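Undergrad: below are the sequence and a predicted model; questions follow.
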Amino acid sequence: MEVIVKIDGLGIGIPKTGFGLNAFSGSYIQVNSTAGKPHRTYGVVDYLSAGGNNGTFIYGTAHTGPIKVTPEEFKKFSLENVRGKYIEVEVKGTIIGSGKADVAVSFIDGEGRSETVLERKHVDVSGGQVATTKVRGRARVINPVH
């Protein structure tokens, strides 16, 4: 069982200030029940927003390799658990071509309660970003269970 995270952002966000102007931020979270075989993909997109929920420092893009997850973590990515929630994806770290970054995925319910469902440090990532790329938005199912 594994999860792959891809995130892109265009805008400006100043870390630890809560200030951000976002032109575009988007993320895909691919959940695989068997290595390399897509099970389900979730998407999060945000356009033209201000505040600290979304942002990057100018432009950021990051794509993780497969992140192994436990059966309990895998269950958290079920349709029943994601339905009606917002997803927040954050990738922290400077990446030029490839490198290591910290990856966090949280679900936020209608009452504002946040649950971190995936958090890994020092993950292999390809892409390019200066500091952090983050997106928060309503969860969308891109492809259902096959």
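TA: Here it is on my side, so go on.

Undergrad: just the strands in this protein please.
TA: With strands called from DSSP state E, the chain shows them at 2-14, 19-34, 37-50, 55-64, 67-68, 86-92, 95-108, 114-129, 132-138, 140-143.

Undergrad: can I get those in a markdown table with mean neighbour count, distance to residue 80 and mean pLDDT?
TA: C-beta: built from backbone N, CA, C; applies to glycine. Listed next are these as a markdown table, based on neighbours: other CB atoms under 10 Å; distance: least, CB to CB, whole Å; pLDDT from 0 to 100:
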| stretch | mean neighbour count | distance to residue 80 | mean pLDDT |
| --- | --- | --- | --- |
| strand 2-14 | 21 | 17 | 85 |
| strand 19-34 | 19 | 13 | 84 |
| strand 37-50 | 16 | 12 | 82 |
| strand 55-64 | 21 | 25 | 78 |
| strand 67-68 | 14 | 22 | 96 |
| strand 86-92 | 22 | 15 | 93 |
| strand 95-108 | 17 | 12 | 94 |
| strand 114-129 | 16 | 13 | 95 |
| strand 132-138 | 23 | 16 | 87 |
| strand 140-143 | 12 | 12 | 84 |
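
Undergrad: the residue sitting nearest the centre point of the chain pairs with what?
TA: Residue closest to the average C-alpha location in the chain (CA atoms, centre = their mean): residue 89, at 2.7 Å. Counting by DSSP bridges, residue 89 is bridged to residue 105, residue 135.

Undergrad: the longest helix seen in the chain packs against which elements?
TA: Under DSSP state H, the helix in the chain containing the largest number of residues is helix 71-76. Where contact means 3 or more CB pairs under 8 Å, 6 or more residues apart in numbering; DSSP states H and E, helix 71-76 is packed against strand 114-129.
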